[in-house]
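Q: 3D model of this:
(4 chains)
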Protein chains: 2
Amino acid sequence: MVRRKSLKGDYCPSARSLDVIGDWWSLLIVRDAFDGLTRFSEFQKSLGIAKNILTERLRTLVSRGILEAVPTGDSGSRMEYRLTAIGRDLFPVMVALRQFGERHLFGPDEEHSVLVDREKRLPVHLDIRTQDGRTIGADDTVLLKIPEEE
Amino acid sequence: MVRRKSLKGDYCPSARSLDVIGDWWSLLIVRDAFDGLTRFSEFQKSLGIAKNILTERLRTLVSRGILEAVPTGDSGSRMEYRLTAIGRDLFPVMVALRQFGERHLFGPDEEHSVLVDREKRLPVHLDIRTQDGRTIGADDTVLLKIPEEE
DNA sequence: GGAATTTGGTTGTATTATGAAACCAACGAA
DNA sequence: TTCGTTGGTTTCATAATACAACCAAATTCC
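A: Purely as a prediction, here's the structure:
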C-alpha cells in the first residue's frame, strides 16, 4: 500500500506535531478557529475548501483533540467546532507562522492583518528563551537526541 | 483545473507562510537542515522520503529562498543544501511545533529529543509577548483585519 | 403553516500528488 | 579499472484532493 508516511512514532516532537496538524488544510482551519469561526459553513466560506474535505478534516481534528464538536441550536443536530484547551496550545505555532510571513512574505507597501494585544493594541511577537529567561537564537541551541534503539 | 489552492495572495501572514512551507515534507526538511543535514542522501535517509519527491521539495525550497544549493566537492556538480538567513527565521516555528508536541503528543514515560541552549544545557521554550514585554495568551489578543477590497 | 432557502453534509468522478522501484551518469575509493 | 555511492530522472500505481450533483433536516420567509 502506498501510504503517506506517518510520523506518529518519531522521537522528535516537531515531527509528531506535523503528523497531527501538518496537512494542507488543518492549520488553516485552526487559524480560523482562533479567529472565532465555529460553523461548518463559516470555515467553508472562509477557506474555499471542498465540503467533503472539510468534513474529513473537522472529523480528524476532533478525533485528535484539537477541536471539539458542540451540539448547537434547539435540536442539537448541528455542531459548533471550537478549539479545545489542547488546540489553543497551538497559538504559538500560529504566531510563529504569522511572524515569519510578516517578515518575508509581504512587500513593503503591502497591507496585512496584524495581531495585537487586546488591551494596548500593540503588535504581538515571540521570543525563544532559555528556562532562566535569556533570549537566544537558533545557533545558540543544541538538540539532545535519544539514542537509536535496536 | 483541479489545483491545490494557493494562498499567495491572502492578506493573512500565517496563510502565506503555510503556502511556502505548509506542504507535507517541507518543514521536515527544514527541521533536518536546522539539525545540520545538508546532503541529498542525508535528507533521504533521515526522512524516508521518495527521491523524486525530495528532489522536487529541495528545488522549491531553494526557489523560495528557504534553502540555498551550494556546489560542493572538487568538481562542484554536487550540492549542499543549507538554510538561508530567511530559512533560519523559521526557527521559532520549529520551536513552537516542538513545544506543542512535547506537551501533548508524548506519554509520560516516553522519551523524546530535547532542544537546549548550547551554553547551559537548559531546555528552550517560547513565549508570546507584547512589544512592551508582557507575556500574554491567545485570549489576550485581537486580530486587526484589512478591510475587504472591492 | 407551507414554501423556499440555508446548513451540513454524502456520493460520485476527475485530476493531482505521492510513493516505490527501476534506471542511470558522474564521482570517489580501492 | 572496477565497484560502490551519490544524486538524481522516469515510469507506473495508488492515495489525496477538488468539483459537482445530490439530499435531508433545520431555519427563514410570507
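
Q: gap between the residue in chain A that DNA strand D sits nearest to and A:I53?
A: Of all residues in chain A, A:G73 sits closest to DNA strand D, at 3.1 Å by Cβ to the nearest atom of the strand. All C-beta spots, glycine's among them, are computed from the backbone N, C-alpha and C. To A:I53, A:G73 is 24 Å away according to Cβ to Cβ, to the nearest Å.

Q: which residues touch the helix or strand A:A33 falls within?
A: A:A33 belongs to helix A:26-34 when assigned by DSSP states H and E. Helix A:26-34 has contacts (Cβ atoms under 8 Å, 6 or more residues apart in numbering or on different chains) with A:20-21, A:42-43, A:46-47, A:54, A:57-58, A:60-61, A:66-67, A:81-83, A:87-88, A:90-91, A:93-94, A:97, B:7, B:12, B:14-15, B:18, B:22, B:138.

Q: Filtering those residues by proximity to DNA strand C, which remain?
A: Contacts with DNA strand C within those, counted by Cβ under 7 Å from any atom of the strand: A:42, A:58.

Q: So which of the contacts of helix A:26-34 are in strands?
A: Among the contacts of helix A:26-34, the members found in strands (DSSP state E) are A:67, A:81-83.

Q: From the residues you listed, keep the buried residues only.
A: A:67, A:81, A:83 (16 or more other Cβ atoms under 10 Å in any protein chain shown).

Q: can you redo those as a markdown table with distance to B:E102?
A: Below are those laid out as a markdown table (distance: Cβ to Cβ, whole Å):
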| residue | distance to B:E102 |
| --- | --- |
| A:L67 | 21 |
| A:Y81 | 26 |
| A:L83 | 19 |
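
Q: what are the ranges of the helices in chain A?
A: For chain A, the helices defined by DSSP state H cover A:13-21, A:26-34, A:40-47, A:51-63, A:85-88, A:91-104.

Q: How about the second one and DNA strand D, touching?
A: The one in question is helix A:26-34. No - residues of helix A:26-34 contacting DNA strand D under Cβ under 7 Å from any atom of the strand: none, with a closest distance of 9.0 Å.

Q: Does DNA strand C have contacts with that helix?
A: No - Helix A:26-34 lies apart from DNA strand C when judged by Cβ under 7 Å from any atom of the strand; the minimum separation is 12.5 Å.

Q: and stretch A:50-60, how far from the chain's centre?
A: 16 Å (Cα atoms, centre = their mean, to the nearest Å).

Q: ok, and for it, which residues are buried?
A: Buried-residue list, stretch A:50-60, by 16+ other Cβ under 10 Å: A:54, A:57-58.

Q: Just send those residues back as a markdown table, with pLDDT too.
A: Listed next are the buried residues of stretch A:50-60 as a markdown table, based on pLDDT from 0 to 100:
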| residue | pLDDT |
| --- | --- |
| A:L54 | 96 |
| A:R57 | 95 |
| A:L58 | 97 |
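
Q: Between those residues, which sits nearest DNA strand C?
A: The closest of the buried residues of stretch A:50-60 to DNA strand C turns out to be A:L58 (Cβ to the nearest atom of the strand; 6.5 Å).

Q: mind listing what the closest one touches?
A: Here A:L58 is in contact with A:29, A:40, A:43, A:67, A:69, A:81 (Cβ under 8 Å, 6+ apart).

Q: again with A:D10
A: So A:D10 contacts A:16, A:19 (Cβ under 8 Å, 6+ apart).

Q: Likewise for A:P71?
A: By Cβ under 8 Å, 6+ apart, the residues touching A:P71 are A:77-79.

Q: filter those to the buried ones?
A: A:M79.

Q: which of the contacts of A:P71 lies closest to chain B?
A: Nearest to chain B, judged by Cβ to the nearest Cβ, of those is A:M79 at 21.8 Å.

Q: Hmm, the closest one is touching A:T72, no?
A: Yes - contact between A:M79 and A:T72 holds when scored by Cβ atoms under 8 Å: they sit 6.4 Å apart.

Q: burial count for A:V93?
A: Applying other Cβ atoms under 10 Å in any protein chain shown, we find 25 residues neighbouring A:V93.

Q: hang on, isn't it packed against B:M94?
A: No - with contact defined as Cβ under 8 Å, A:V93 does not count as touching B:M94 (9.8 Å).

Q: Alright, I will stop here.
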